[in-house]
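Asks: Below is the sequence, then the predicted model.
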Amino acid sequence: MEDCTYVIFGATGNLSRIKLIPALYHLDAAGRLTDGMKVVGFGRRDWDDGAWRSQVRGWLAEKQTEADVLERFLARFHFCQGDLADEAAYPALREMLLGENDFSHNIVFYMAIRPAEFGKVSRKLGECGLAGEKGGWRRLVIEKPFGYDLESAESLNHSLSRDFRESQIYRIDHYLGKGTVQNVLVFRFANLMLEPLWNRNYIDHVQITHSESLGTEGRAGYYDGAGALRDMIQSHLLQVLTLVAMEPPANLDAESLRDEKVKVLRSIRPIPQSAVNAHAVRAQYTAGKINGEKVPGYLDEPDVPEHSVTETYAALKLFIDNWRWRNVPFFLRTGKRMAKGNSMVAIRFKHPPQQLFRETQIEQLEPNWILMNLQPNECIRMEMQVKQNGLEMRTETTRLDASYCGINPDQLDAYEALLLDVIEGDHSLFLRYDEVSWAWKVVDPILKVWSVERDYITGYNAGSWGPPEADRLFLRQDQYWRNTLDGNDEEAS
C-alpha cells in the first residue's frame with residue numbers, strides 16, 4: 001500500500017468524531033496504515049497540531065486503545081486552520097500539503113461537511129491546483145445524500161466533474177461496507193445449488209427491510225428535509241436490491257460489479273405518477289411505547305416543524321422487468337421508531353404443489369424462506385419443512401443457520417473497510433454516478449406526487465411495525481411482512 005495524506009474537511013464535526021477517527025485508529029492498530037500516512041484536519045478553529053491531537057485523544061478516551069498505538073496514531077495528525085468559504089485558505093492548504101512538510105502527494109479529500117458545500121469545495125480544490133494528479137493521485141470522498149432529487153444530483157455531478165474525473169470520485173455508502181451486505185454476493189455466486197432457484201420460476205417475492213427503534217436523534221433539521229424515502233430507500237435499500245437481483249458479473253472488479261448493478265436499476269419498471277399510491281406508502285410515527293418507555297410522536301420531536309408531513313416510514317413495491325425477475329415483486333420498507341432495529345433481506349419461495357399431500361393432515365404447506373440478516377446480528381438462515389414427530393403426516397418449520405449467526409464483536413466496521421478501499425483505489429463498494437442517477441429515476445415520480453399531496457399523512461404508533469396500509473402493497477392475502485430473523489414480530493410495548 002502506498003503512503004497517502006487524508007485531508008478531512010469538517011474535521012471537528014460529528015462524522016469525524018464518531019466514525020472517521022475511530023475507524024482510522026482501528027486500522028492503525030491492525031497494522032493496515034503505512035508509516036508515512038498522515039491525517040490533516042481542516043477547520044475554522046484556531047488550533048495548531050498539538051490542540052488537534054489533544055482533541056483526538058479526548059475523542060478516543062472512551063474507546064479501548066493501546067498506549068503505544070495511540071501515540072503513534074496521534075503523531076500522524078496535523079491541522080490546517082481555514083474557513084470553507086475563504087478563498088485564501090485553499091492556497092495555504094496546498095502549500096502545507098505540497099510544500100516541504102514531508103506529506104505524501106497521494107491525497108484523499110474527505111468531505112465530512114454539508115452536501116451543499118461539496119461542489120463549492122471541490123471547485124476551490126481545482127482552482128488552487130489540488131485536483132490534478134501530477135506527482136501523486138487525488139481522491140475525493142463524498143457522503144450521501146448525492147442530491148435531493150434527480151435534477152439536484154445531476155447538478156452536483158456537474159459541479160464535481162469540473163475538477164475531478166469520475167475515477168477520482170468515491171461516493172461512500174457505508175451500508176455497502178457491512179460484511180453481511182457483501183456476503184450477499186458470496187452467498188449467491190459461490191453456492192451453485194442456489195443459482196437454478198434464483199429467478200421468477202421459484203421465488204414468490206423479495207422483501208428488504210431496514211427498521212429503526214430510534215427517532216431523529218438530534219438530526220431533525222436534516223431529516224425533515226429528506227424523509228425516509230430519500231434517507232434510506234433511494235440509497236441503501238436500492239443498493240441491496242441490486243446485489244440480490246443482479247446477474248453474475250464477468251469478475252469482481254469494480255466496473256464489472258457496478259455495470260451489473262446499473263443493469264438492475266435500469267430494468268426497474270417505472271412508476272407512473274398516477275400509480276404512485278398503488279406502489280408506495282408513507283407514514284409518520286405518533287406517540288407510543290418502545291421497550292416499555294413512552295416516546296413522543298415525530299411532530300413533538302425537537303426542531304420538527306409543527307405541521308410537517310415528512311414521512312418517517314416508507315414502503316415501495318417494485319418490479320424488475322428482465323428475464324430473471326419479470327413479475328416478481330420486490331418490497332422495500334424503512335421506518336423510524338419501529339418495534340425493533342433490524343435490517344434484513346427476506347426471500348420467499350413459491351408454494352410447492354399440494355397434490356402430493358392432498359390425502360394427509362397437511363392443510364397448507366408453509367413456504368420456504370431464505371433470510372439474510374444484515375444488522376444488528378449477522379445471519380443467513382433457510383426455513384424448510386420437516387415432518388413433526390408422531391403418527392400423523394404433519395409438518396413443522398425447521399431453521400438451518402449459518403454457523404456465524406449472532407453478534408460478532410470482532411466485525412470490521414463499515415467505515416474501516418471503506419476508508420481502506422479509498423487508499424487502495426478500490427471502487428467496488430462505492431457508487432458510480434450512473435448508479436446514483438438511475439436510483440433517483442426510480443423514486444423521483446414518488447417524490448413529486450408526495451410533494452403536492454401535503455394535506456395529510458397517515459400515522460403509526462411508535463413501537464409498532466408500521467401502518468396497516470403497507471399491507472395493501474401485497475398481491476395476495478398469503479403474503480405478509482417478515483419483521484425479524486426469529487419471526488418475533490410482537491410490538492415493543
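Replies: Cool, the structure landed.
Asks: Look through every helix and strand of the chain and give the one with the lowest mean pLDDT.
Replies: Confidence across the helices and strands of the chain bottoms out at helix 179-189, with a mean of 79, counting by mean pLDDT, DSSP states H and E.
Asks: send the alpha carbons of that helix over as PDB?
Replies: Listed next in PDB are the C-alpha coordinates belonging to helix 179-189 (Å, rounded to 0.1, in the frame of the first residue of the first chain):
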ATOM      1  CA  GLY A 179     -19.800  -7.600   6.000                       C
ATOM      2  CA  THR A 180     -23.200  -9.200   5.500                       C
ATOM      3  CA  VAL A 181     -24.200  -7.000   2.600                       C
ATOM      4  CA  GLN A 182     -21.000  -8.100   0.800                       C
ATOM      5  CA  ASN A 183     -21.800 -11.700   1.900                       C
ATOM      6  CA  VAL A 184     -24.900 -11.500  -0.300                       C
ATOM      7  CA  LEU A 185     -22.600 -11.700  -3.300                       C
ATOM      8  CA  VAL A 186     -20.700 -14.700  -1.800                       C
ATOM      9  CA  PHE A 187     -23.900 -16.400  -0.800                       C
ATOM     10  CA  ARG A 188     -25.400 -16.000  -4.300                       C
ATOM     11  CA  PHE A 189     -22.400 -16.700  -6.500                       C
END
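Asks: Check which helices and strands it sits against.
Replies: Contacts defined by 3 or more C-beta pairs under 8 Å, 6 or more residues apart in numbering; DSSP states H and E place helix 179-189 against helix 238-245, strand 369-375, strand 379-387. Glycine gets a C-beta too; all of them are placed from N, C-alpha and C.
Asks: Show residues contacting that helix.
Replies: Taking C-beta atoms under 8 Å, 6 or more residues apart in numbering as the criterion, the residues outside helix 179-189 that touch it are 175-176, 194-195, 198, 239-240, 243-244, 248, 252, 345, 372-375, 378-380, 408, 411-412, 417, 429.
Asks: buried stuff in that helix?
Replies: Of all the residues in helix 179-189, those buried under the rule 16 or more other C-beta atoms under 10 Å are 179-185, 187-189.
Asks: possible to save these as TSV with distance to I457?
Replies: Listed next are these as TSV, based on distance: C-beta to C-beta, whole Å:
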residue	distance to I457
G179	36
T180	32
V181	30
Q182	36
N183	36
V184	33
L185	37
F187	37
R188	37
F189	41
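Asks: Okay, now the unreliable bits of this structure?
Replies: Scanning the chain with the threshold set as pLDDT under 70 gives 178-180, 354-364, 403-412, 487-493.
Asks: out of the helices and strands packed on helix 179-189, which comes closest to W323?
Replies: When those are ranked by proximity to W323, the top entry is helix 238-245, at 11.7 Å, counting by C-beta to C-beta.
Asks: give me every residue that touches W52.
Replies: W52 makes contacts with 11, 41, 77-79, as judged by C-beta under 8 Å, 6+ apart.
Asks: can we see that at 6 Å?
Replies: 41, 77, 79 (C-beta atoms under 6 Å, 6 or more residues apart in numbering).
Asks: Go ahead and report the secondary structure state at the residue sitting furthest away from the middle of the chain.
Replies: Among residues of the chain, the one most distant from the C-alpha centroid is L391; the distance is 49.2 Å, by C-alpha atoms, centre = their mean. Following DSSP: H, G, I helix; E, B strand; the rest coil, L391 is assigned to coil.
Asks: same thing with Y415?
Replies: If you use three-state DSSP, then Y415 falls in the helix class.
Asks: The stretch 301-450 of the chain: strands as residue ranges?
Replies: Listed in chain order, the strands of the stretch 301-450 of the chain (DSSP state E, counting those that start in this stretch) span residues 313-319, 329-335, 342-349, 369-375, 379-387, 395-401, 430-431.
Asks: quick one: A250 is in a strand?
Replies: No - assignment of A250 by three-state DSSP gives coil, placing it outside any strand.
Asks: what's the spacing between the spatially closest residue to Q388 that is not a sequence neighbour and L365?
Replies: In this structure, Q388 finds its nearest non-sequential neighbour in R394, 4.5 Å apart by C-beta to C-beta, 6 or more residues apart in numbering. As for R394, its distance to L365 is 11 Å (criterion: C-beta to C-beta, to the nearest Å).
Asks: now swap in E416 and tell me
Replies: Remark: distance between E416 and L365 (C-beta to C-beta) = 44 Å.
Asks: More neighbours: which of these two?
Replies: E416 (20 against 14; other C-beta atoms under 10 Å).
Asks: Do a quick rundown of the helices in this structure.
Replies: Remark: helices of the chain, listed N- to C-terminal, are 14-15, 21-29, 49-59, 67-74, 89-98, 118-127, 150-161, 179-189, 220-228, 238-245, 254-267, 276-279, 414-424, 433-452; assignment by DSSP state H.
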